[in-house]
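[1] With the input below, show me the fold.
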Amino acid sequence: MNQQKLPNATAVLVLGIVSIIGCCCYGVVGIITGIIGLYLYKKDNELYKKNPDLYSDYSNLNTGRILCIIGLILSVLYIAYLVVVISTLGWDALKDPQLMQERIKELTGQ
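    Okay, the predicted model is just below:
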């Protein structure tokens, strides 16, 4: 039987990689690409489950799913970190390194 590739397996893999890298862009890019990757995974997984003998690159699809999940988790953690930093130091301290050092010294009691 002639096996073919799943239509979105490579896209899911690429979106998973981009979601991990994108978590450094304030987490937004990682969340968007991770969600899109998981949506495409769901569509291809249903296609694969209907006829598993017809498709050959299911491992790429699973790897992409795992990368999307990791990217989503890292992005959510980074956004949570930013919320904590902004709430403790303030938005203006993120723009001024000297002010940030002063506020950190105030918080640590030095």
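
[2] what residue lies at the spatial centre of the protein?
    In the chain, the residue lying closest to the centroid (Cα atoms, centre = their mean) is residue 71, at 2.4 Å.

[3] Just to check, residue 58 is in contact with residue 6?
    Yes - at 6.9 Å, residue 58 counts as touching residue 6 under the criterion of Cβ atoms under 8 Å. C-betas here are computed from N, CA, C, even on glycine.

[4] what's the spacing between residue 25 and residue 74?
    Per Cβ to Cβ, to the nearest Å, residue 25 is found 11 Å from residue 74.

[5] same deal with residue 96?
    To residue 74, residue 96 is 27 Å away according to Cβ to Cβ.

[6] Same question for residue 36.
    Taking Cβ to Cβ, one finds residue 36 at 16 Å from residue 74.

[7] higher neighbour count, the two?
    residue 74 (20 against 16; other Cβ atoms under 10 Å).
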